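> heads up, no residue letters with this:
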């Protein structure tokens, strides 16, 4: 049943363009029913999962390889499914409002739904290979979403960058999955999770770890792979709000959580994750404070939040997992809401530069309210879920030694900077004096404010009114699933005064400082970053440039473009492969006994030899080619004499056509009429030609001197007419007994035809003027 | 090769060769011949026509683009195998029908025949593609 639920969004994706064609942007109200319905269906699993059960379902796929279309629903996958579908519901509606009247809205919604399905499949997969398939599907669908505005170069580049980075990481991860599957003896996660010790103690553990981390870190935009995430802001806002709040980028964190019982809590894990996570948190927040574009600011805080999540998972232990789980949920709500808020402001006011907007609260009161509620949660203030999350994080860091306190300091700095960014986004555009924005601004339609409002209120309601319910049904099962053991949380908004609360107060204090002195901080960060003047984004371009440069030069070395060189190499290797085995194994053929030939047979052989001599000594190329036809026809005659009419027939036609085609090619190539070679090359070519001839001849003689196995011939001659209704055995073999071979051969013929057409139609590309210094003198003259 | 003799005789010759190639194709199951040889004959006929009278008349005569002809042949051959699948036997297993069109006159029809026609079309299409592209002036 889960399998069908996962397929539903893909089916809806097929319907989306039709619905948009019929109903326009209102179609998204109907399409939103898809995630809505799935959400309703997934509620069925809540009671079982709350009791700590795991629901497993499997459909056979390639069961011989241990690969099945199998699903697992536990606390982790269920909570993720709810986030994906719940936020997806509002995103689909929002997309209808945001892209109202866009000519490709149908296509957009289709890809969005396909992405939703991929993401859903990813989180509920039980089989590692199924998980990988959905993982790469999210990369591909997000490529289409990010590059939606495909006429702009920036968005094409962003889409490609995201695809290359996340797709490459995914492929590396597949290697890791394969290893895990081989070591663990199964690809089913539900079985592997209980075999953590087998994997952790295996000699290849560190290799598996790094391979899986490559997938997780690229997907979750950890430094230095983060640059695709801010660049992906080229996409329309619904995409950013969806991919960068609860889905795409969280897939990496999901993978870390999923594999935690299997790979986690080792020294390597607890060293590497905090390092990457901490670096990502700091880099993300610094870049966020520095930026003026609100969407980019949010994107960088997303990078930072992902860093924080990885950091917490790296710390490990129940408390840290609890912090990571709560923060992940809180982040999905507030970041989804804030992205949509910024999108609405951009849509209605015509800009999202934070310094060009001010005093919008009177014009957009509902959006302003949503922004404020979401930002309060992001700041980690009570009574929002963000506060609970931050308390849990700090709580897990105040019980350890120096290591934990170092991490705590990193977390405080990161959180304070994020506080500043959140406050800026909630306050600067909406409060203060009215400044006329580029467009006449008014509140967005219900499609645009519904999503952010509901999501930001959810962040409040969850913590304030539904804490017990959420804790029992979602938080505890999810923490248990990640930790791999039964854990019951006991969360309260008020814990009394403890170290965590004090750290929170410090964070808020620092955060207010960041907000007040944002401009000063910006200048400092600007100076530092301008001084460094390099980043992974530039590095990506350099890597791609190097790749194309390398590929170009490598190809130049291999492909000289001189057909004579190609022919020499091909024939030389043919001669060697023919002669070396015979020499090594010493299996030269015996001299055959010549039978008495009839007169016409001798005549044909004489013509054949004359034809060959004519080819070798011909003065012009055209004569040589036609003489080649003479010896071909003689061979056809020999076939005829020895009772193979079909072969002979074909040989005649092939010879005719090849002479015609070679002659035609020659007229096109405008070669010199005569083939003049230097003496050394004449000798070399002659030697190669003779060796190929000798090798081929020896091979054929060897074959004829071996005992002939006639079973197949007998089979064909017995059954050709009897069961295949044909007396011409050759043809029956071609079209019936061995038809699948023929199918392959005609495919080759077809491909040859098409490629030859393409090659003939290619026009020579004029050489660029700049790079002619090293070229031949002839090229210099023409350019 | 724009000579009067060639221009006069070749259209006739082409027609004859194409008819002959079809005969070879259909007779191929029992006598020397078949789709591949037939295809080569027809291809050389069209190539000859192109050399004698220019490419444009050949393209007009063919009506379809030669690549499309080849692709259609490929499709036909592959589909002949799919028919076997529908009958519940392995891909490309030969199936035969002997409908009686008149009293005592049976016409043997079969999936190998369909397959062979596909081969004929692929060979004609591909080779004519190459030949015409080469014969065409820039």
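In hand now; what should we look at? Owing to the predicted nature of the structure, the values given are computational and were not obtained by experimental measurement.
> give me the number of neighbouring residues for residue A:428.
18 (other Cβ atoms under 10 Å in any protein chain shown). Using the backbone N, CA and C atoms, a C-beta is placed for each residue, glycine as well.
> I misspoke; the intended subject was residue A:251.
Residue A:251 has 27 neighbours, counted by other Cβ under 10 Å.
> once you drop chain neighbours, what's closest to it?
Nearest residue to residue A:251, sequence neighbours excluded (Cβ to Cβ, 6 or more residues apart in numbering or on different chains): residue A:219, at 4.9 Å.
> and residue A:75, by the same measure?
Closest to residue A:75 by Cβ to Cβ, 6+ apart is residue A:477, at 2.7 Å.
> so which helix or strand takes in the one you found?
Applying DSSP states H and E as the criterion places residue A:477 in helix A:476-483.
> now do residue B:128
Residue B:128 belongs to helix B:111-135, assigned by DSSP H and E.
> isn't residue B:114 up against residue B:80?
Yes: at 4.0 Å, residue B:114 counts as touching residue B:80 under the criterion of Cβ atoms under 8 Å.
> so these two - more neighbours on which side?
For residue B:114 and residue B:80, the more surrounded residue by other Cβ under 10 Å is residue B:80, and the numbers stand at 25 against 17.
> what segments of chain A are strands?
In chain A, the segments counted as strands under DSSP state E are A:55-62, A:67-73.
> coming back round to it: any part of the helix holding residue B:128 near chain A?
Yes: Helix B:111-135 is in contact with chain A by Cβ under 8 Å from any Cβ of the partner chain, via B:112-113, B:115-116, B:118-119, B:122-123, B:125-127, B:129-131, B:133-135.
> burial of the nearest residue to residue A:417 once chain neighbours are set aside, as a residue count?
Once flanking residues are discounted, residue A:417 sits nearest to residue A:285: 3.6 Å by Cβ to Cβ, 6+ apart. Residue neighbour count, defined by other Cβ under 10 Å, stands at 28 for residue A:285.
> with residue A:539 instead?
12.
> just checking, it touches residue A:224?
Yes: the pair residue A:539 / residue A:224 is scored as a contact, 7.3 Å apart, by Cβ under 8 Å.
> how about the nearest residue to residue A:444, chain neighbours excluded?
Closest to residue A:444 by Cβ to Cβ, 6+ apart is residue A:344, at 4.5 Å.
> OK, contacts around that neighbour?
Counting by Cβ atoms under 8 Å, 6 or more residues apart in numbering or on different chains, residue A:344 touches A:364, A:367, A:444, A:448-449, A:452.
> ok, 6 Å please
The neighbours of residue A:344, taking Cβ atoms under 6 Å, 6 or more residues apart in numbering or on different chains as the test, are A:367, A:444, A:448.
> one step back: out of the residues of helix B:111-135 next to chain A, which end up buried?
Neighbour counting by 16 or more other Cβ atoms under 10 Å in any protein chain shown classes B:112-113, B:115-116, B:118-119, B:122-123, B:125-127, B:129-131, B:133-135 among the residues of helix B:111-135 next to chain A as buried.
> so how far is residue A:461 from the nearest residue to residue A:107 once chain neighbours are set aside?
Among residues not flanking residue A:107 along the chain, residue A:17 sits closest, at 6.3 Å (Cβ to Cβ, 6+ apart). As judged by Cβ to Cβ, to the nearest Å, residue A:17 and residue A:461 stand 36 Å apart.
> for residue A:682, same thing?
90 Å.
> what about the two, which has more around it?
Using other Cβ under 10 Å, the more surrounded residue of residue A:682 and residue A:461 is residue A:461, with 16 against 11.
> and that one, how far from residue A:367?
19 Å.
> looking at the stretch 101-250 of chain A, which residue is nearest chain B?
Here the stretch 101-250 of chain A gets closest to chain B at one residue, residue A:133, 26.6 Å apart by Cβ to the nearest Cβ.
> tell me the pLDDT at that residue?
pLDDT for residue A:133: 94.
> and residue A:30, by the same measure?
The model's pLDDT for residue A:30 equals 92.
> just the contacts of residue A:344: which are in helices?
Among those, the subset assigned to helices under DSSP state H consists of A:367, A:448.
> which of the contacts of residue A:344 sits closest to chain B?
The nearest one, if we look at these relative to chain B and count by Cβ to the nearest Cβ, is residue A:448, at 48.6 Å.
> format the contacts of residue A:344 as CSV; extra columns: neighbour count and pLDDT.
CSV is the format used below for the contacts of residue A:344 (neighbours: other Cβ atoms under 10 Å in any protein chain shown; pLDDT from 0 to 100):
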residue, neighbour count, pLDDT
A:367, 27, 90
A:444, 24, 83
A:448, 27, 89
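> ok, back up a step: the residue of the stretch 101-250 of chain A closest to chain B and residue A:122: what is the separation?
Using Cβ to Cβ, one gets 9 Å for the distance from residue A:133 to residue A:122.
> quick one: which of those two has more around it?
Ranked by neighbour count (other Cβ under 10 Å), residue A:133 and residue A:122 place residue A:122 first, with 28 against 19.
> hmm, back to that, isn't the residue nearest to residue A:75 right up against residue A:51?
No: using Cβ atoms under 6 Å, residue A:477 is not in contact with residue A:51, being 8.7 Å away.
> which non-adjacent residue is nearest residue A:145?
Nearest to residue A:145 is residue A:239, by Cβ to Cβ, 6+ apart, at 4.5 Å.
> with residue A:656 instead?
residue B:44 (5.5 Å).
> repeat for residue A:489
residue A:476 (4.8 Å).
> hmm, that neighbour is touching residue A:491, no?
No: if you go by Cβ under 6 Å, residue A:476 and residue A:491 don't touch, sitting 9.3 Å apart.
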